[in-house]
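Participant: sequence unknown, structure follows:
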Ligand code: AQP
């Protein structure tokens, strides 16, 4: 980051390579990062350490492959490595180090109350401690870079709130040091729902078990067509935004709005009096064309071999910032 960009708000965010990235990740995270990369100093990592919180679900070789795929997609979706830091979380050891220090200042009750822990541990006979302490590592990811804003989907707001609480707890124990970051949530499409079930959030893990749940960013036009044509719609006859009476159609319209950039009036004019079949056809064409542009850039990047260097440079720059924070934290806590 240059000294000129240092005055911009610092934004930290990441995606777990726990599966293939889907259009929900694009709408809720990637497209926002791209949109804001001129205005913000972006620190964007691939959260591979977080992907270990459910061991056994993802094999080592597959995890590495997914992490590389995610990094390639960051760039292919429009993140410019000259403007934003892109790196693997595991390549910057300060994340795990600060995560440990923060886990020592975090009351157990705060972690047990987290919705994500409750959901992901539900019905499992055994869960790793990492699933419970996940928010302390996430707090470290954010606080290492003194983030001002954390762009998240509606579902992750609670994680930013706990990061603020952890920062304040650390400051109370060791002296005022960390700044509390704020969540940054885009209103439209903050939560993209499953195409097979508009009552649940589109997620990488559900997509592993159902081919009609999500559309992956690397999916072929044939798959896009198949998944959209089988998408759940509603019994209400009209095409309109209404989560209560038309959750399926609202979800399709939300995806259309985010990928097309069209306003409400334009969408109303396009779809008024039309059938669900027409909406699905338009959405299929739009997604196929947008995804094809992303996939072309992705394939070129992988062919050129430039991704490795981008990740090495990103990690070196991130480590310089994270190392400085950790030196100060060590001094404050008495371990350095
Ligand atoms: N359906 C979604 N709608 C809007 N935003 C979403 N995000 C994820 N799903 C949606 C946003 O993508 C970013 C990365 O999330 P993550 O990988 O760290 O964890 P996640 O939210 O748990 O993602 P998934 O896809 O649901 O993965 P799994 O199934 O592995 O847990 C975040 O900003 C998130 O809000």
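Facilitator: That came through fine. Note that the coordinates shown come from a computational prediction; the quantities given were computed from them, not determined experimentally. Numbers count the residues shown, from 1 in each chain.
Participant: pull up the distance across stretch 197-217, start to finish.
Facilitator: 19 Å (C-alpha to C-alpha, to the nearest Å).
Participant: close to the ligand, is that stretch?
Facilitator: Yes. Against the ligand, stretch 197-217 shows contacts by C-beta under 6 Å from any ligand atom at 201-205. Where you see a C-beta, it was placed from the backbone N, CA and C, and this is true even at glycine.
Participant: residue 183 belongs to a strand?
Facilitator: Yes. Counting by DSSP: H, G, I helix; E, B strand; the rest coil, residue 183 is part of a strand.
Participant: I figured it hits residue 161, correct?
Facilitator: Yes. At 7.5 Å, residue 183 counts as touching residue 161 under the criterion of C-beta atoms under 8 Å.
Participant: model confidence score at the residue of the chain positioned farthest from its centre, please.
Facilitator: Relative to the centre of the chain, and counting by C-alpha atoms, centre = their mean, the farthest-placed residue is residue 273 at 35.6 Å. In this prediction, residue 273 carries a pLDDT score of 87.
Participant: please renumber the chain so that the first residue is 882 from this point on.
Facilitator: Fine by me, first position is 882 from now on; the one you just mentioned is residue 1154.
Participant: how much space is there between it and the ligand?
Facilitator: 29 Å (C-beta to the nearest ligand atom, to the nearest Å).
Participant: roughly how far does that residue sit from residue 1110?
Facilitator: 21 Å (C-beta to C-beta, to the nearest Å).
Participant: what residues are up against the residue lying closest to residue 1202 once chain neighbours are set aside?
Facilitator: In this structure, residue 1202 finds its nearest non-sequential neighbour in residue 1026, 5.7 Å apart by C-beta to C-beta, 6 or more residues apart in numbering. Residues near residue 1026 by C-beta atoms under 8 Å, 6 or more residues apart in numbering: 891, 893, 924, 1199, 1202-1203, 1206.
Participant: kindly report the same for residue 1057.
Facilitator: Shown in contact with residue 1057 (C-beta under 8 Å, 6+ apart): no residues.
Participant: which part of this structure gets nearest to the ligand, residue-wise?
Facilitator: The nearest approach of the chain to the ligand comes at residue 909, 1.9 Å away (C-beta to the nearest ligand atom).
Participant: surely that residue touches residue 1033?
Facilitator: Yes. Counting by C-beta under 8 Å, residue 909 touches residue 1033, with 7.5 Å between them.
Participant: neighbour count: those two, which is higher?
Facilitator: Neighbour count, other C-beta atoms under 10 Å: between residue 909 and residue 1033, residue 909 has more, with 26 against 20.
Participant: so the more buried one sits in a helix?
Facilitator: Yes. Assessed with three-state DSSP, residue 909 lies in a helix.
Participant: pLDDT at it, what is it?
Facilitator: 87.
Participant: cool, and residue 1000?
Facilitator: In this model, residue 1000 carries a pLDDT of 87.
Participant: now swap in residue 941 and tell me
Facilitator: Residue 941 is given a pLDDT of 88.
Participant: select the longest helix from the chain.
Facilitator: helix 1157-1185 (DSSP state H).
Participant: next SSE after that one?
Facilitator: Sequence-wise, the next helix or strand downstream of helix 1157-1185 (DSSP states H and E) is helix 1188-1214.
Participant: anything in stretch 1118-1138 near the ligand?
Facilitator: No. Using C-beta under 6 Å from any ligand atom, stretch 1118-1138 stays clear of the ligand, with a minimum separation of 9.4 Å.
Participant: and that stretch, how far from the chain's centre?
Facilitator: 23 Å (C-alpha atoms, centre = their mean, to the nearest Å).
Participant: what's the answer for stretch 934-948, then?
Facilitator: Distance, centroid of stretch 934-948 to centroid of chain: 17 Å (C-alpha atoms, centre = their mean).
Participant: tell me the buried residues in it?
Facilitator: Neighbour counts over stretch 934-948 (16 or more other C-beta atoms under 10 Å) mark 934-935, 939, 944, 947-948 as buried.
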